[in-house]
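Undergrad: below are the sequence and a predicted model; questions follow.
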Amino acid sequence: MEPAPSRVCLGVIVGVKGLQGEVRIKSFTERPADVAAYGPVTTDDGRSFALTVTGAAQGVVTGRLKGVADRSAAEALKGVKLYVERKALPATGDGTYYHADLVGLAVELASGEKLGKITAVYNFGAGDMIEVTAADGRTELVPFTEAAVAKVDMAGGKVTIQPLPGLFADDSDEGERAKEEAGGDDT
């Protein structure tokens with residue numbers, strides 16, 4: 001298992017607002033405004049900014065980065081990821097995880113069959129999805145729910161998946177068997 005990263009990405013700059021250097025940020029924190037709650041944010045290239053959240057609109061937060069005073073400077077930051085040091089973040093409780101901690105974990109089925117590893121965590125609005133990449137490069141999106149994820153073993157470096165019918169592209173026979181066992185079909 002890879003060591004936990006020393007920094008955690010809290011958001012990404014997705015645009016600008018106005019002429020005074022405000023930026024629009026897609027926040028990855030549970031409460032979007034918390035993107036600014038843990039101290040200065042840093043970027044991949046080592047820059048550091050004090051961030052103040054000024055509002056929220058259309059699914060993003062707006063904010064000011066100290067030293068960014070005009071629209072041109074703000075536009076130059078579009079696509080920049082914002083990080084904080086892991087030690088600045090609160091500890092997670094049982095059943096909660098930072099996305100950065102899940103990426104890299106091995107994934108296996110409840111039967112013990114190895115599937116691959118988590119390569120990304122997404123949230124398209126209906127809940128978290130983990131992207132599982134197999135050794136052959138195939139990827140699958142798995143809902144990060146109690147129904148699909150049987151166990152997260154951080155110490156052991158793995159996640160156990162309880163496959164739901166139709167979850168994997170090659171399990172169409174499993175779905176048909178489940179329907180037959182349930183005593184019916186869709187007609």
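TA: Right, received. Where do you want to start? What you see is a predicted model, and the numbers here were worked out from it, not measured in a lab.
Undergrad: so what's Lys17 up against?
TA: Listed by C-beta atoms under 8 Å, 6 or more residues apart in numbering, the contact set of Lys17 reads Val23, Arg24, Ala57, Thr62. Using the backbone N, CA and C atoms, a C-beta is placed for each residue, glycine as well.
Undergrad: drop anything exposed from these.
TA: Val23, Arg24, Thr62 (16 or more other C-beta atoms under 10 Å).
Undergrad: how close does the second one get to Glu140?
TA: Think Arg24. 31 Å (C-beta to C-beta, to the nearest Å).
Undergrad: and Pro90, what are its phi and psi?
TA: Listed backbone geometry of Pro90 is phi -70, psi 160, with angles given as degrees, to the nearest 10.
Undergrad: likewise for Leu102?
TA: In terms of degrees, to the nearest 10, the main-chain angles of Leu102 are phi -80, psi -30.
Undergrad: pretty sure it contacts Ile118?
TA: Yes: Leu102 is in contact with Ile118 according to C-beta atoms under 8 Å; the separation is 5.2 Å.
Undergrad: shared neighbours of the two, which are they?
TA: Applying C-beta under 8 Å, 6+ apart, one finds that Leu102 and Ile118 are jointly contacted by Ile130, Val159.
Undergrad: what helix or strand is the residue nearest the centre of the chain located in?
TA: The residue at the geometric middle of the chain, judged as the C-alpha nearest the mean C-alpha position with C-alpha atoms, centre = their mean, is Val121 (3.5 Å). Secondary structure assigned from DSSP states H and E places Val121 in strand 114-123.
Undergrad: that strand pairs with which strands, parallel or anti?
TA: As defined by DSSP bridges, the strand partners of strand 114-123 come to strand 106-109 (antiparallel), strand 128-133 (antiparallel).
Undergrad: burial count for Gly95?
TA: 7 (other C-beta atoms under 10 Å).
Undergrad: now for it: which residues touch it?
TA: Contact analysis of Gly95 by C-beta under 8 Å, 6+ apart lists nothing.
Undergrad: out of the strands paired with strand 114-123, nearest to Gly11?
TA: strand 128-133 (15.9 Å; C-beta to C-beta).
Undergrad: partners of the very next helix or strand once past the closest one in the sheet?
TA: In the C-terminal direction, the helix or strand that comes right after strand 128-133 (DSSP H and E) is strand 139-143. In its sheet, strand 139-143 lies beside strand 128-133 (antiparallel), with partners assigned from DSSP bridges.
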